[in-house]
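[1] Mind looking at a prediction? Sequence and model below.
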Amino acid sequence: GDSVTQMEGPVTLSEEAFLTINCTYTATGYPSLFWYVQYPGEGLQLLLKATKADDKGSNKGFEATYRKETTSFHLEKGSVQVSDSAVYFCEGQGFSFIFGKGTRLLVKP
Amino acid sequence: DTAVSQTPKYLVTQMGNDKSIKCEQNLGHDTMYWYKQDSKKFLKIMFSYNNKELIINETVPNRFSPKSPDKAHLNLHINSLELGDSAVYFCASSQGGGGVHNSPLHFGNGTRLTVT
C-alpha cells in the first residue's frame, strides 16, 4: 500500500544551521506531496507543496523538490531560527491521504 | 476569522460517557475530515465527508459516528468513551474530493480529549 516515510527525530540544531528532513514515498502513480508544520497546541499548517515531478515548493525560507527518480520530497532550509522549532509532517495525496510520522525540530539559540 | 474551528478545545470526561466534538469551516470547501493524533504525534485519518456524503471510513470503532448536517459542518460523536480514546482530534477541510486528491488540508486547532 501507499506509505510516506520521514526521518525520525528529534532533530536538534543550533540557530543558523542548515536543515534537512528526509521524506520518501511509496505510492501507485505520482501523488501530490505536501509539508506541514505543527506548533505546540495548534493544528497543522501547510508549509509548501508540489503536485508533479520536478516541482519545487517553497515558503518562509523552506524548500522541497519533488524527485520522481528517488521518490523523495526532502525539506530543507538554509538557516534555521529558534522560531522554526515545531513538528514537521510530510504528506502524500493520491487515492488516499498518507502522513509521515512527523519529525520534531528543536532549534537552540 | 478562523477558517476551521472546532469546539471544545479541551474535553475531560470519564469512561463510559458519550461526548461530541463540533467542527465548522468557512472556506467553502467540499470535503471535511476527522483525524486522530496520538501522544507520539502520529496522525491517522478517521473519516472524510464530501458534500455531506461519507467517502472515507477507516477502521474505527463504531462507537465513533460522524455527522454532517451540511457541507460546512462535520461533528464527531463518541459513545461509551474508553481510556484509549484519549488523544487530540483534528478536524480538517479541503477543496475537491473523491477520486484523486491533490489539495492541501486546512486544520482546526484540535480538541484534546482526556478520558479518565
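    Thanks, I have it. Residues are numbered from 1 along each chain as shown, chains lettered A, B, ... in the order given.
[2] Would you mind listing the residues in contact with whatever residue of chain A ends up closest to chain B?
    Residue of chain A nearest chain B, by Cβ to the nearest Cβ: A:G43 (3.2 Å). (Glycine included, C-beta is placed from N, CA and C.) A:G43 makes contact with B:4, B:90, B:92, B:107-110, according to Cβ atoms under 8 Å, 6 or more residues apart in numbering or on different chains.
[3] what's the burial count for the residue nearest to it when sequence neighbours are not counted?
    Computed as Cβ to Cβ, 6 or more residues apart in numbering or on different chains, the closest residue to A:G43 that is not its neighbour in sequence is B:F107, at 3.2 Å. For B:F107, the tally of surrounding residues (other Cβ atoms under 10 Å in any protein chain shown) stands at 23.
[4] Can you flag which of the contacts of A:G43 belong to strands?
    B:4, B:90, B:92, B:107 (DSSP state E).
[5] farthest pair in those?
    B:V4 and B:F90 (8.9 Å; Cβ to Cβ).
[6] The strand or helix carrying B:W34: what's the following helix or strand?
    According to DSSP states H and E, B:W34 maps onto strand B:31-37. Next in sequence after strand B:31-37, counting helices and strands by DSSP H and E, comes strand B:43-50.
[7] follow-up on the earlier one: roughly how far does the residue of chain A closest to chain B sit from B:F90?
    6 Å (Cβ to Cβ, to the nearest Å).
[8] Spit out the residues that contact these two alike.
    B:107-108, B:110.
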